[in-house]
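Could you work out the structure for the sequence below:
(2 chains)
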Number of protein chains: 2
Amino acid sequence: MQPQYEQLKQRFQHIIDLDLINSLLNWDQSTYMPPGGSEARGRQSALVGVLRHQKLTDETTGDLIDQLLPWAAEQPAGSPEAAFVREAKRTFDQAVRIPPDLIERAYAHFSHAYQVWTTARPENDFKAVQPELEETLAISRAMAECFPEREHIADPLIDLQDPGMKAREIQRIFAELRAELVPLVEAICDQPAVDDSFLHRSYPIDRQRAFGEQIITAYGYDFNRGRQDLTHHPFMTKFSLGDVRITTRFDEHNFGDGLFSTLHESGHAMYEQGINPAFEASPLGIGTSSGVHESQSRLWENVVGRSLPFWKHYYPQAQALFPDQLGDVALLDFYKAINKVARSLIRVDADEVTYNLHVMIRFDLELDLLEGKLAVKDLAEAWHARYQQDLGLRAPDDRNGVLQDVHWYAGPIGGVFQGYTLGNILCGLFYSQAVAAHPKIPTEISQGRFEMLRDWMQKNIYQYGAQYTTAELVQRTTGGELTIQPYVTYLKQKYGQIYQL
Amino acid sequence: MQPQYEQLKQRFQHIIDLDLINSLLNWDQSTYMPPGGSEARGRQSALVGVLRHQKLTDETTGDLIDQLLPWAAEQPAGSPEAAFVREAKRTFDQAVRIPPDLIERAYAHFSHAYQVWTTARPENDFKAVQPELEETLAISRAMAECFPEREHIADPLIDLQDPGMKAREIQRIFAELRAELVPLVEAICDQPAVDDSFLHRSYPIDRQRAFGEQIITAYGYDFNRGRQDLTHHPFMTKFSLGDVRITTRFDEHNFGDGLFSTLHESGHAMYEQGINPAFEASPLGIGTSSGVHESQSRLWENVVGRSLPFWKHYYPQAQALFPDQLGDVALLDFYKAINKVARSLIRVDADEVTYNLHVMIRFDLELDLLEGKLAVKDLAEAWHARYQQDLGLRAPDDRNGVLQDVHWYAGPIGGVFQGYTLGNILCGLFYSQAVAAHPKIPTEISQGRFEMLRDWMQKNIYQYGAQYTTAELVQRTTGGELTIQPYVTYLKQKYGQIYQL
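The predicted model follows:
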């Protein structure tokens, strides 16, 4: 082994550990931190970010990478060693281009903007966040402009989340998907509306929580290496491969809100918990892209957690836990209710079919903002206009409009939303491969067992972390390139059946 | 203002922020971290410690301090500027004198020794910790020897916790106090034993918690700048002056355990919450010594929280909250029970009067070990002999003897225990001054109001953080030097009344 390789690994261990420490600062901020802690937390988060950036962009890091490139080229393609140097170089190149004062400005601002949003959202006060968003956009553009070779101004930001993906390619894929979704949504919305009123009866929160935690334990989420806490906006985070946490929220009058959040985040978490332990605190010790990550959260939330086989097993348990609320509801009515398709205002509450339309609106608005076609002051109205156009609805206020998602208030504008729909597409693709390899997966699921599916994901996706890129994972599992077909087939079959199209 | 002063402040902001970040890593480890997180957490905590040490001992830090010394000498005595340079120099000297390999040896060893102790204690196995303690003693002596100008080998270790205090002075003070305590304990123990069995009835934990949190809110602990969580060993910690947290534990069958822990930690926390916000993330933004810190925890736990005026107000509430447990107990019987004095084996469970005898045993043994008068192999037996001599009791085993306290198994031997008794003495002193200034304080307390007392502490102690040393605070508040008299008077009055001496 090259001595430089060991030195680079040691150096990246510190860099990644600083990232993971920052994740703890953020987790605490979102779960337990009292209001008085916010100013210092922003400052401390910025400090850790700067130290990380200094370590990463230190000349020594670049020298070590340069020295290792010829050696890495001789390693077997796809080997951890070659992948390590590739990811180290990508991370270094990304960081070395962004000046430290911009990083510091970004960290401090995002933490502040998040605090402003947490009060502006309930108060429906877009004006309060407007200056924050203007600074966020300025920072986002400044970050993108550090990469003048880019094709599109969003590409460097997209590359941070979905390495190798480009705005133009995503636009092409999204257009293709939209052409399939729009008629499907129309056909469904022509059918009589499904009754889901019983999902809004009173469901005691402690039981909701226990039920969700029981299911994700069966999925394979390891509570010895994680935990679930409460927050405003559910997320998964990680402080090491041995400490991968999820957060959720519960609404007493919404059966699905907390449960499907828990299932969603458990998918993210199982991906991280499943990574090869040898990749701990290295650039390979992380899910390879936002898209692949979402493929797993959507898999366990929707493809498994909203499937008929799943509820064949779990519905009797749900009825036993909530006899007054679900005792009079038949399985098929429940199944239809949790899969009810409707044009709606809130992305995270949207059904599987319309969900991608919500994402496309945000993706397009991000591009418009970055391209300078849309000013932040007009964003709230542009949001309403696009909802009217794409979903035929206008939110009564900004709380249910542009203020609904945390993302733009806690990080850059750009590169944030495409991963959700790429994730759905990848999910359809990976799931179809898993079922092709193990046709009994749906039968297993109907018995409350998930080993076959999880093991396929573990073997083909999870263990590799960032060893393989998204495109390589697709190539290895399907022998081809990214295609929307399995996902579209999945949607048409499932919803064709439910709505008898 | 000197430009070097601003540079030094900026530099110390980073140093202190790294300390505060490490506090969050430790808080999370003690409250919420799943078992799988432990290995990485140790690695990450060490990384933050190393970064902090590098920043602190960097040549630039020393140069800036040297350049500022003449300027600082011209600042008004006791001014924040003079105090900043004094504390910066003390912190720098402490860090730079101890060679990095000794620091590394110490951290690695303490962490290992702690692990050994966690199993040796329940197994009552002093032999298992003996080699660990021998290395701890060697490290402690080596650390002290980095300061050859010391009078006594314990002085540099004491200075880490109680700056300016010296072993010989503490011995003199402790001898004086012992001469008062021994006859008082004897007189009390000649009286009939107090019945406190009702404190061990079943007290639902959620109510215990609510009761304690209601009281510390009335004390003035600010939950907007703090919170309380559960842990094995209660502690106070701080991530900024706006985020000062406490932890506690509850025992359903012990009314006092959780409540008095909460009151105790709230005293530490109110001290930190009260520090001048201008001292945020500076060496002045922290309680000035272990002794002054304990003076505040013991004040709000004992002098207030175990006083008759306090319970005149709170006992009816306690009875309303726990009618089955306390409904048949008269106020005076309750008051006697929570102040029951008895010779016992465990320091943390000891009453106000005998507590200091426990501390003195440990302090004397620390000095004997450091001076080479006592070998580690004879420590367990020396412990028993001292308990026999001072408290008339011999523990049945080492688990209730030398293995009971974590301190020697998680840090150096020396400088650890004196702060507890200095704190009691300082508490008596500060409280008597507050009451002299505001004789209505006990009346206010009997109405469940604490503003007068807290404001006095805020004005005379809290706001200054480390701006004034312990000796300076004593001088400013009393016009003289540290004296045990107010504390002894307090003990004699309170316990003379309870035990009708």
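
And for the residue of the stretch 351-500 of chain A found nearest chain B, the neighbour number?
Relative to chain B, the nearest point of the stretch 351-500 of chain A is A:Gly465 (15.3 Å; CB to the nearest CB). (C-beta placed from N, C-alpha, C; glycine too.) The number of residues packed near A:Gly465 is 26, by other CB atoms under 10 Å in any protein chain shown.

do A:Lys127 as well
11.

could I get the helix or strand harbouring it in CSV with only the CA atoms?
If you go by DSSP states H and E, A:Lys127 is part of helix A:126-144. The C-alpha coordinates for helix A:126-144 follow below in CSV (Å, rounded to 0.1, in the frame of the first residue of the first chain):
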residue,chain,number,x,y,z
PHE,A,126,-42.9,35.4,3.7
LYS,A,127,-41.7,39.0,4.1
ALA,A,128,-39.7,37.8,7.1
VAL,A,129,-37.8,35.2,5.2
GLN,A,130,-37.4,37.2,1.9
PRO,A,131,-34.1,38.9,2.9
GLU,A,132,-32.9,35.6,4.1
LEU,A,133,-33.7,33.9,0.8
GLU,A,134,-32.1,36.8,-1.1
GLU,A,135,-28.9,36.1,0.8
THR,A,136,-29.3,32.4,0.3
LEU,A,137,-29.7,32.9,-3.4
ALA,A,138,-26.6,35.2,-3.5
ILE,A,139,-24.6,32.6,-1.7
SER,A,140,-25.9,29.8,-3.9
ARG,A,141,-25.0,31.8,-7.1
ALA,A,142,-21.6,32.7,-5.7
MET,A,143,-20.9,29.0,-4.9
ALA,A,144,-22.0,28.0,-8.4
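
Tell me the residues of chain A that contact chain B?
Residues of chain A lying close to chain B (CB under 8 Å from any CB of the partner chain) are A:13-14, A:17-18, A:20-21, A:24-25, A:28, A:32-41, A:43-44, A:47-48, A:51, A:222-227, A:229, A:239-243, A:245, A:280-281.

6 Å instead, please
Contact residues, chain A versus chain B (CB under 6 Å from any CB of the partner chain): A:17, A:21, A:34-37, A:40, A:44, A:47, A:224-227, A:239-240, A:242-243.

circling back to that earlier point, tell me the phi and psi of the residue of the stretch 351-500 of chain A closest to chain B?
Here is the backbone geometry of A:Gly465 (degrees, to the nearest 10): phi 50, psi -130.

ok, it touching A:Glu280?
No: using CB atoms under 6 Å, A:Gly465 is not in contact with A:Glu280; the gap is 9.8 Å.

follow-up on the earlier one: can you tell me which of the residues of chain A next to chain B end up in strands?
Under the assignment DSSP state E, those contribute A:239-240, A:243 to strands.

ok, so of those, who is nearest B:Phe198?
The nearest member of those to B:Phe198, counting by CB to CB, is A:Asp243 at 42.8 Å.

just to revisit the earlier point, skip ahead from the helix holding A:Lys127 and say which helix or strand is next.
Counting by DSSP H and E, what follows helix A:126-144 is helix A:155-161.

Other residues contacting that following helix?
Helix A:155-161 is touched from outside by A:144, A:147, A:150, A:165-167, A:290, A:412, A:414-415, A:419, with contacts defined as CB atoms under 6 Å, 6 or more residues apart in numbering or on different chains.

continuing past the strand or helix carrying A:Arg454, what's the next helix or strand?
A:Arg454 is part of helix A:451-460, with elements assigned from DSSP H and E. Remark: after helix A:451-460, the chain's next helix or strand is helix A:470-478, criterion DSSP H and E.

Buried by neighbour count: which residues of that following helix qualify?
A:470, A:472-474, A:477-478 (16 or more other CB atoms under 10 Å in any protein chain shown).

Also stretch A:388-401?
For stretch A:388-401, the neighbour count (16+ other CB under 10 Å) marks A:390-391, A:395, A:398-401 as buried.

what sits against A:Asn424?
A:298, A:487.

That one and A:Lys492: what is the separation?
Distance, A:Asn424 to A:Lys492, by CB to CB, to the nearest Å: 14 Å.

Next, count neighbours for the residue lying closest to A:Asp390 once chain neighbours are set aside.
Using CB to CB, 6 or more residues apart in numbering or on different chains and skipping the chain neighbours, the partner closest in space to A:Asp390 is A:Leu357 (5.3 Å). A:Leu357: 22 surrounding residues under other CB under 10 Å.

Let me know the helix or strand that A:Leu357 is in.
With DSSP H and E as the test, A:Leu357 turns up in helix A:355-371.

tell me the angle that helix makes with helix A:126-144.
70 degrees (axes from the mean of the first three to the mean of the last three CA atoms, to 10 degrees).

neighbouring contacts of helix A:355-371?
For helix A:355-371, the external contacting residues (CB under 6 Å, 6+ apart) are A:137, A:153-154, A:174, A:181, A:347, A:350, A:374, A:386, A:390, A:413-414, A:417-418, A:420-421.

Show me what counts as buried in that helix.
Across helix A:355-371, burial judged by 16+ other CB under 10 Å covers A:355-370.

circling back to that earlier point, name the member of the ones in strands among the residues of chain A next to chain B with the most neighbours.
Most surrounded of those: other CB under 10 Å gives A:Asp243, at 28 neighbours.

How about that one: which residues does it bridge to?
Assessed by DSSP bridges, A:Asp243 has beta-bridge partners A:Ser240.

so of the contacts of helix A:155-161, which ones are in helices?
Here DSSP state H is the test, and those give A:144, A:167, A:290, A:419 as lying in helices.

Of the residues you listed, which is the nearest to chain B?
Using CB to the nearest CB, A:Ser290 comes nearest to chain B of the ones in helices among the contacts of helix A:155-161, at 23.4 Å.

The closest one is in contact with A:Gly419, isn't it?
Yes: counting by CB under 6 Å, A:Ser290 touches A:Gly419, with 3.0 Å between them.

before we move on, the earlier item: after the helix holding A:Leu357, next one along is what?
With DSSP H and E, the next secondary element past helix A:355-371 is helix A:379-391.

Dump the ones in strands among the residues of chain A next to chain B into JSON lines; add distance to B:Ala113 and pLDDT as well.
Formatted as JSON lines, those follow (distance: CB to CB, whole Å; pLDDT from 0 to 100):
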{"residue": "A:Phe239", "distance to B:Ala113": "25", "pLDDT": "98"}
{"residue": "A:Ser240", "distance to B:Ala113": "24", "pLDDT": "98"}
{"residue": "A:Asp243", "distance to B:Ala113": "24", "pLDDT": "98"}
